[in-house]
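[1] have a look; sequence and predicted model below, questions after that.
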Amino acid sequence: MRSLKIGMISFAHLHAVSYLQALMQRNDIELIGIADENKERVEPFIRQYGLPYYADYRELLASDADAVIISSENSRHAELTIEAAKQKKHVLCEKPLGISVEEMRRMIEACKENGVQLMTSFPNRYIPMVIEAKQAIERGEIGRVAAVKATNKGEMIGGWFNDRELSGGGSIIDHTVHVMDLLNWMLRSKAVEVYAEAGSLFHGVDIDDAGMVHVKFANGVIAALDASWSRTRAFPYKRDLTMEIVGTDGVISIDYFAQINEIYSEAGGYAEWSYWGDNKDELLIDDFITCLQEGRPVSITGEDGYHSTVIALAAYESIRLKKPVKL
């Protein structure tokens, strides 16, 4: 496989750190540098790995990089992706793909026009138990899927995540896109109606930190999702991902973060969980690079990112109208 030159743009999103760690484990790529207007945010990594730094992302895009990984604030995804496409760079973009339907369409079109690939960062697709569940559904092992109950809860990170202009919303847009991508992928059916309710219940912030999202799919499946920032800082692990997939002949239960060791330390003062399961971010990076090296389509496309995000956007519209919204 040929070596690839990869650049990273922005470390605003926490996933950037794990993506960097995954990249540094490979000997078939060259990490050409990090672009971030906030040098303090990336200084530790520049020093640790001896990487070039770009204060202006356009300078990185002017390099001979084959691809870039964008982990910026949500509101900047469109600008950065479109500029990268114009410079003929393949793109791995953090979720949600964008914060409006129009800008996501422009991102997808820009990549198509310039002959580059756009991949959306949904690492949960690489969780082995999720893959097994999808295969079991396709084999008909639980009959026809009738309903799904899911949770994707986390802690409130704060910072730009609480600024609607930068994030596009709170816990609903932050967590809905992950689960809805899995359901779009597993059910192979289009979402046709969304009803949601949200509030600020846990942190006293002026943005949704609690949300319930109900989705009807064209094949008749009804899904209910708890998308919230309800985990406190004292909770042993900061997030969860659970799915209960109910079929006419059986049920599949998924709890990704059940792969933990329990740690009781006097130093910490409270219980902690140490996760030992598969590194989904590493699996995502490996797949992105392999697809580019082999010249095949990326596994999670810009269109996939679009279809999950429109559900989150419809949830906000439902909250505003206080009624279900048709898609």
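    The structure has been received and is ready for your questions.

[2] all contacts plus neighbour counts: C-alpha atoms, from now on.
    OK.

[3] name the nearest residue to residue 275, sequence neighbours excluded.
    residue 260 (4.3 Å; CA to CA, 6 or more residues apart in numbering).

[4] same question, residue 323
    With CA to CA, 6+ apart as the measure, residue 195 is the residue that lies nearest to residue 323, at 6.4 Å, once sequence neighbours are left out.

[5] what count of nearby residues applies to the residue nearest to residue 275?
    Residues lying near residue 260 (other CA atoms under 10 Å) number 14.

[6] OK, contacts around it?
    273, 274, 275, 276, 277 (CA atoms under 8 Å, 6 or more residues apart in numbering).

[7] if we can go back for a sec, for the residue nearest to residue 323, helix, strand, or coil?
    strand (DSSP: H, G, I helix; E, B strand; the rest coil).

[8] what's the domain layout of the protein?
    4-121, 124-280+309-326 (automatic domain parsing).

[9] adding mean pLDDT, write these out as TSV.
    Converted to TSV, the domains of the chain look like this (pLDDT from 0 to 100):
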stretch	mean pLDDT
domain 4-121	97
domain 124-280+309-326	94
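
[10] which one of the ones you listed lies closest to residue 295?
    Residue 295 sits nearest to domain 4-121 of all those, at 10.0 Å, using CA to CA.

[11] give me the neighbour count for residue 61.
    Residue 61, neighbours per other CA under 10 Å, totals 25.

[12] pretty sure residue 22 is touching residue 285, no?
    Yes: assessed by CA atoms under 8 Å, residue 22 is found in contact with residue 285 at 6.7 Å.

[13] more neighbours, the two?
    Neighbours were counted for residue 22 and for residue 285 using other CA under 10 Å; residue 285 has more, 21 against 17.

[14] helices or strands up against whatever helix or strand the more buried one lives in?
    Using DSSP states H and E, residue 285 sits in helix 280-294. In this structure, helix 280-294 makes packing contacts with helix 15-24, judged by 3 or more CA pairs under 8 Å, 6 or more residues apart in numbering; DSSP states H and E.

[15] list of residues touching the helix it packs on?
    Here helix 15-24 has contacts from 10, 11, 29, 31, 71, 281, 282, 285, 286, using CA under 8 Å, 6+ apart.
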